[in-house]
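Student: Let me see the structure of the following:
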Amino acid sequence: MNSFNAPPPTHLSPKNISILQRIKEGYLIWMNISVHIPKSARYTIGARIENRYLDLLELARVAYFINKDEVENKTRKISDCIFLLDALKFLISTMWEAKLLSHKQFEQVSFKLEEIGRMLWGWSESLKNLEKKNRAFGGAEKK
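Tutor: Model prediction:
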């Protein structure tokens with residue numbers, strides 16, 4: 001039996017992995033689009049976009065696994081994710097303006113990036129609310 005047919009095992013529940021899953025989905029959309037981009041752009045701005053997607057995926061994974069007690073560090077990583085996402089949006093809109101992406105391709109990628117952005121923003125806001133609650137109760141208790 002070929003072990004490559006089954007998805008890789010994961011210890012994360014679908015609920016907890018949703019932001020990582022959305023970023024992967026966006027990357028897979030990009031992979032399907034990038035093969036149709038002219039080679040002159042595929043290996044320049046196209047490669048830069050692909051690298052930003054991979055950076056975003058890795059950074060979001062790191063942020064996810066940072067201990068909940070390290071709210072400041074987790075918040076910083078999520079802010080870095082938002083910064084990378086903004087760079088991705090800018091690069092993709094530049095490709096569209098250069099007519100290297102069709103309207104449909106741009107719409108597919110943009111829709112997923114907007115969804116990821118809303119999720120990252122919500123994650124960031126939930127951590128800010130957690131920090132406010134901790135301050136209101138005198139901070140987290142240290143063991």
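
Student: Give the other helices and strands that the regular element (helix or strand) spanning residue 29 contacts.
Tutor: Element membership for residue 29, per DSSP states H and E: helix 18-34. If you count contacts as 3 or more C-beta pairs under 8 Å, 6 or more residues apart in numbering; DSSP states H and E, helix 18-34 packs onto helix 45-65, helix 103-136. To be clear about C-beta, it is placed using only N, CA and C from the backbone, and glycine gets the same treatment.

Student: try 10 Å
Tutor: Helices and strands touching helix 18-34, by 3 or more C-beta pairs under 10 Å, 6 or more residues apart in numbering; DSSP states H and E, are helix 45-65, helix 71-97, helix 103-136.

Student: could you dump these to JSON lines with mean neighbour count?
Tutor: Below are the helices and strands packed on helix 18-34 laid out as JSON lines (neighbours: other C-beta atoms under 10 Å):
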{"stretch": "helix 45-65", "mean neighbour count": "17"}
{"stretch": "helix 71-97", "mean neighbour count": "17"}
{"stretch": "helix 103-136", "mean neighbour count": "15"}
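
Student: Residue 20 is nearest to which of these?
Tutor: Residue 20 sits nearest to helix 45-65 of all the helices and strands packed on helix 18-34, at 5.7 Å, using C-beta to C-beta.
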